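S.K.: Provided below for reference: sequence and predicted model.
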Amino acid sequence: MSLLDGGPDTVTVYPAGPVQPDGTRGPEGPPVTVRCRVQPSSSEEAGQLGYVDVTLYRVIARQLPAGPWSRAVWRGRDWTVVGEPKRHGGSARTRHDTAMIRRR
């Protein structure tokens, strides 16, 4: 079994709602739970910004229904999807999505 189809981690993604005419976002979409692999990407201290640390993780999944401003829940904590997920093409066995998440 591929780690893309049955990774050791589970992430629940709440897709961001549509942009309203006044610039705000509508309600979140229904939650989608995906099996994936989550890997640490970086950690830096940013005390000047008021945060103790900024930790980024990379989520690798066969399909990741996320986008900018989506909310993700992993290990009981809320995370924000940073930017647009990358869609990696290739064969049916190797295509996958990757996204960066940051702790809220």
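M.R.: Received, thanks.

S.K.: tell me how many other residues crowd residue 77.
M.R.: By other CB atoms under 10 Å, the residues close to residue 77 number 10. For every residue, glycine as well, the C-beta is placed using N, CA and C.

S.K.: any low-confidence regions in this protein?
M.R.: Along the chain, segments meeting pLDDT under 70 span 1-3, 43-53.

S.K.: for it, what spans make up the strands?
M.R.: In the chain, the segments counted as strands under DSSP state E are 9-14, 32-44, 54-61, 71-74, 77-88, 96-103.

S.K.: the first one versus strand 32-44: what angle between them?
M.R.: Taking axes from the mean of the first three to the mean of the last three CA atoms, to 10 degrees, strand 9-14 and strand 32-44 form an angle of 100 degrees between their directions.

S.K.: by contact count, what packs against strand 9-14?
M.R.: strand 32-44, strand 71-74 (3 or more CB pairs under 8 Å, 6 or more residues apart in numbering; DSSP states H and E).

S.K.: the first one pairs with which strands?
M.R.: Translated: strand 32-44. strand 9-14 (antiparallel), strand 54-61 (antiparallel) (DSSP bridges).

S.K.: how about the shortest one?
M.R.: Sheet pairing of strand 71-74 (DSSP bridges) gives strand 9-14 (antiparallel), strand 77-88 (antiparallel).

S.K.: circling back to that earlier point, winner for burial among the helices and strands packed on strand 9-14?
M.R.: Across the helices and strands packed on strand 9-14, averaging neighbours per residue (mean count of other CB atoms under 10 Å) puts strand 71-74 on top, at a mean of 19.
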